[in-house]
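Chemist: just need the structure, nothing else, for what follows:
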Amino acid sequence: MSPPPQRAPRLPRSDEGKPRTSPTEDDKLRAAIESSIISSADRPVKWSDIIGVEAAKEALREAVVLPLRLPHLFGSHRSAWRGILLYGPPGTGKTFLARACA
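Modeler: Got it, this is the predicted structure:
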């Protein structure tokens, strides 16, 4: 008996059925896609970015910012807030307010 014929090695295929590109082309494509994606986590949120919830902004400033900036005011007679609950329907800016505090 003769040995079976040897086949050429198969290239791995991507999901589309096309042969995979070289790693350098993949890296270039990945970098192009990642650079075009805008992530809100990359950009810090400022208090001036938040519009329309002045009462909530003032309460958060009093609870979070003032004790950090003016610790002498929150000594023995007055203590800082222990926490604040942000509640409301979706889309009212609760996460945006929390990011501004961070």
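
Chemist: quick one: low-confidence parts of this structure?
Modeler: Within the chain, the ranges that satisfy pLDDT under 70 run 1-23, 38-42.

Chemist: apply 90 and report the result again.
Modeler: Scanning the chain for pLDDT under 90 picks out 1-53, 55-88, 91-102.

Chemist: which strand or helix spans residue 100?
Modeler: Taking DSSP states H and E as the criterion, residue 100 maps to helix 94-101.

Chemist: which neighbouring elements make contact with that helix?
Modeler: helix 54-60 (3 or more Cβ pairs under 8 Å, 6 or more residues apart in numbering; DSSP states H and E). For glycine as for every other residue, the C-beta is placed from the backbone atoms N, C-alpha and C.

Chemist: the helix it packs on: what's the following helix or strand?
Modeler: Counting by DSSP H and E, what follows helix 54-60 is helix 66-69.

Chemist: quick one: residues in contact with that following helix.
Modeler: 73, 74, 80, 81 (Cβ atoms under 8 Å, 6 or more residues apart in numbering).

Chemist: burial measure for the spatially closest residue to the last one that is not a sequence neighbour, as a count.
Modeler: On the basis of Cβ to Cβ, 6 or more residues apart in numbering, the spatially nearest residue to residue 81 that is not a chain neighbour turns out to be residue 63, at 4.0 Å. Counted with other Cβ atoms under 10 Å, the burial measure for residue 63 works out to 15 neighbours.

Chemist: contacting residues for residue 63?
Modeler: Per Cβ under 8 Å, 6+ apart, neighbours of residue 63: 80, 81, 83, 84.
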